[in-house]
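Novice: model the structure of this input:
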Amino acid sequence: MSTSSETDHRPIPATAPRSVSAPAAERHGAAYGAALTDTALAEHAADVLRLNDMGGWTKAAPLLYPHQWSWDSAFVAIGWAQVDVRRAMTEQQRLFEAQWRSGMVPQIVFNPDAGPESYFPDPARWACELSPEAPIGIAETSGLCQPPVHAIAVRRILEVARELGGAELADVRARLVDLFPKLLAWHRYLAENRDPDGTGLVTTYHPWEGIDNSPRWDAVLARLEVGAVPPYTRRDVQHVADAGQRPTNEHYDRFLWLLELLKRHRYDDAEIHLHYPFLVKDVFLTAVLVTANTALREIAEFVGASDEDKALIDLWRDRGRKGIASTVDARSGMTYDLDMTTGAPIEVATFAGMSPLIDGGFDAAQRATSLALFDSPAFAGHPDLRWRMLPSTSPESEVFDPRNYWRGPVWPIVNWLYWQGLRDGGDVERAEELRTVSLDALRTVGFAEYFDPMTGEPLGSAMQSWTAAVALDWLAS
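Specialist: Numbers count the residues shown, from 1 in each chain. Model (predicted):
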């Protein structure tokens, strides 16, 4: 099995962090408006990436997120591809330097220059040295992962490089030969360590593995018997306008108790599957892996991978599609996560319920059902929405909260994933409509982390790198 322990960990040379001129930085404090041209919007987006550029990797945001987040970094690379394809590849190579020996790509790679006061939980709280799989001496990381957008990002970089040709394509080709085994090991980790029974559905261990305080997790979190959580000071609420935009303290206690349990199991996947209380078959994470395998298969062809590797990727992709099909609720048509402790579906109406739209290769009938849900008043067709975009939780749900993180707001990066899936599945007209309204929204709200679906008020962190990145890609498309 190819893992990161078999590859060279010599650091990729860093370039100096990019600076943004004072007038350019000041523009981000100005009001956006519908009259903003595509050219100006692209300039603003590129400015955000440069502002957050740390010389080879990109901060997720200037203040709230001063480190390198895994799926943020993948989206960021998609944006960098429209500015500098070599810089885009470096973004992913730097992230994969911190890959665990198991193949896991960690949720956070900590910036050693930011200091322990910059973000909580810090490396000391994660204590990843407890695991023999952690990249000790190479990078300080968290002990969880996030959705595998990386192969999707690399495929997009390759598409741009092919358009450019010449030295740019040659450079990307050379780097992909090195990166492909690491991508394959990452997908193997998810397909095997996170799905030891071969169901096709990836198991998530923690809300921080992508969709932090989604109501999808409420019932599982409510069952937890929370023990003694070491004292902590939250830093996330210090960087938003009001604490109501972020997870509650009650949620945070549960998040941190799960972290204590993971440390007790030394982040060992086999032990976690046997003894750990938060095990959920995650349809969204699985759908991202399916389309990432579709992308990885194309990359495999480009780098001349073995027939064995290509067959394995096909197996993972097809098994994932079957796994998601098995979760469809006959009454609603939604795909629901599975609570592995109870064996019951988690029947909460969130964007994850339309996961078959994320990859273009799902069954046509199921895609049609999911698209009808997407456009229904329960989601993007709700009459009170500012823009016809997909909110994180259905406005018709009793747990909908339009200002609270993943409990209602619109996330541009989620809409980018659905846009790509609609386009790749042949729903070109609907995909173009989603792209158009998304860009209209970003002209108004700027590059906010997320925004109120009803009023359009920007929420969370400002100058968010991945929001700027998907804007650049939408503009180029």
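
Novice: secondary structure element holding the residue nearest the centre of the chain?
Specialist: The residue lying closest to the centre of the chain (CA atoms, centre = their mean) is residue 71, at 3.7 Å. Applying DSSP states H and E as the criterion places residue 71 in helix 70-80.

Novice: average pLDDT for the helix or strand just after that helix, rounded please.
Specialist: Where DSSP H and E defines the elements, the next helix or strand beyond helix 70-80 is helix 85-96. In this model, helix 85-96 has a mean pLDDT of 98.

Novice: and what of stretch 341-354?
Specialist: What stretch 341-354 shows for mean pLDDT is 97.

Novice: give the buried residues for that stretch.
Specialist: For stretch 341-354, a neighbour-count test (16 or more other CB atoms under 10 Å) marks 345-346, 348-354 as buried. Every residue, glycine included, has its C-beta placed from N, CA and C.

Novice: also stretch 212-222?
Specialist: Within stretch 212-222, the residues that count as buried by 16+ other CB under 10 Å are 212-221.

Novice: in the residues you listed, find the pair that's most separated.
Specialist: Pairwise distances across those peak at 15.9 Å for 212 and 219 (criterion: CB to CB).

Novice: pretty sure residue 227 is touching residue 258, no?
Specialist: No: with contact defined as CB atoms under 8 Å, residue 227 does not reach residue 258; the gap is 10.8 Å.

Novice: who's more crowded, those two?
Specialist: residue 258 (23 against 8; other CB atoms under 10 Å).

Novice: hmm, residue 226 and the more buried one touching each other?
Specialist: No: counting by CB under 8 Å, residue 258 stays clear of residue 226, with 9.2 Å between them.

Novice: residues contacting residue 57?
Specialist: Contact analysis of residue 57 by CB atoms under 8 Å, 6 or more residues apart in numbering lists 68, 73, 90-91, 94-95, 109.

Novice: for the record, mean pLDDT for stretch 228-246?
Specialist: 68.

Novice: got it, and stretch 191-202?
Specialist: 98.

Novice: gap between it and the chain center?
Specialist: Relative to its parent chain, stretch 191-202 has a centroid offset of 19 Å by CA atoms, centre = their mean, to the nearest Å.

Novice: and for stretch 406-414?
Specialist: 12 Å.

Novice: alpha carbons of that stretch, as PDB, please.
Specialist: Output of stretch 406-414 as PDB, limited to C-alpha atoms (Å, rounded to 0.1, in the frame of the first residue of the first chain):
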ATOM      1  CA  TRP A 406     -24.300  25.500   9.300                       C
ATOM      2  CA  ARG A 407     -27.800  25.700  10.600                       C
ATOM      3  CA  GLY A 408     -29.200  27.900   7.800                       C
ATOM      4  CA  PRO A 409     -26.800  30.200   6.100                       C
ATOM      5  CA  VAL A 410     -25.700  29.900   2.500                       C
ATOM      6  CA  TRP A 411     -22.100  28.700   1.900                       C
ATOM      7  CA  PRO A 412     -20.800  29.600  -1.600                       C
ATOM      8  CA  ILE A 413     -18.400  26.600  -1.500                       C
ATOM      9  CA  VAL A 414     -21.300  24.100  -1.100                       C
END
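
Novice: what sits up against it?
Specialist: With CB under 8 Å, 6+ apart, stretch 406-414 has contacts from 75, 211-215, 350-351, 387, 389-393, 395, 399-403, 438, 441-442, 449-453, 459-460, 466-467, 470-471.

Novice: what's the answer for stretch 310-318, then?
Specialist: Stretch 310-318 is contacted from outside by 184, 187-188, 191, 289-290, 293-294, 296-297, 300-301, 361, using CB under 8 Å, 6+ apart.

Novice: buried stuff in that stretch?
Specialist: Neighbour-count burial for stretch 310-318, counted by 16+ other CB under 10 Å, picks out 312-313, 316-317.

Novice: select from those every entry located in helices.
Specialist: Among the buried residues of stretch 310-318, the ones falling in helices (DSSP state H) are 312-313, 316-317.

Novice: what's the closest of those residues to residue 167?
Specialist: residue 313 (28.9 Å).

Novice: how much space between the closest one and residue 188?
Specialist: 10 Å (CB to CB, to the nearest Å).

Novice: and the strands in the stretch 351-477 of the chain?
Specialist: With strands called from DSSP state E, counting those that start in this stretch, the stretch 351-477 of the chain shows them at 450-451, 458-459.

Novice: among the contacts of stretch 310-318, which ones are in strands?
Specialist: Using DSSP state E, no member of the contacts of stretch 310-318 falls within strands.

Novice: put the buried members of those residues into a PyMOL selection.
Specialist: To isolate the buried members of the contacts of stretch 310-318 in PyMOL, using 16+ other CB under 10 Å:
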select buried, resi 184+187+188+191+289+290+293+294+296+297+300+361
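
Novice: ok, which pair from the contacts of stretch 310-318 is furthest apart?
Specialist: The most widely separated members of those, counting by CB to CB, are 188 and 361 (20.3 Å).

Novice: what is the burial count for the closest residue in space to residue 134 that isn't next to it in sequence?
Specialist: In this structure, residue 134 finds its nearest non-sequential neighbour in residue 128, 4.1 Å apart by CB to CB, 6 or more residues apart in numbering. Residues contacting residue 128 under the criterion other CB under 10 Å number 22.

Novice: give the contact list for residue 128.
Specialist: If a contact means CB under 8 Å, 6+ apart, then residue 128 has 106, 134, 136, 140-143, 267 as its contacts.

Novice: which residues in the stretch 101-250 of the chain form helices?
Specialist: Along the stretch 101-250 of the chain, counting by DSSP state H, counting those that start in this stretch, helices occupy 123-126, 150-164, 166-188, 218-222, 249-264.

Novice: nearest to residue 330, of the ones you listed?
Specialist: Closest approach to residue 330 among the helices of the stretch 101-250 of the chain is made by helix 218-222 (20.9 Å; CB to CB).

Novice: may I have that closest one exported as CSV, CA atoms only?
Specialist: The C-alpha coordinates for helix 218-222 follow below in CSV (Å, rounded to 0.1, in the frame of the first residue of the first chain):
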residue,chain,number,x,y,z
ASP,A,218,-27.8,17.0,17.1
ALA,A,219,-29.3,13.7,18.1
VAL,A,220,-25.9,12.0,18.2
LEU,A,221,-24.4,14.8,20.3
ALA,A,222,-27.4,14.9,22.6
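
Novice: ok, residues contacting that helix?
Specialist: Counting by CB under 8 Å, 6+ apart, 207, 251, 254, 277-278, 280, 339, 341, 346, 348, 399 sit against helix 218-222.
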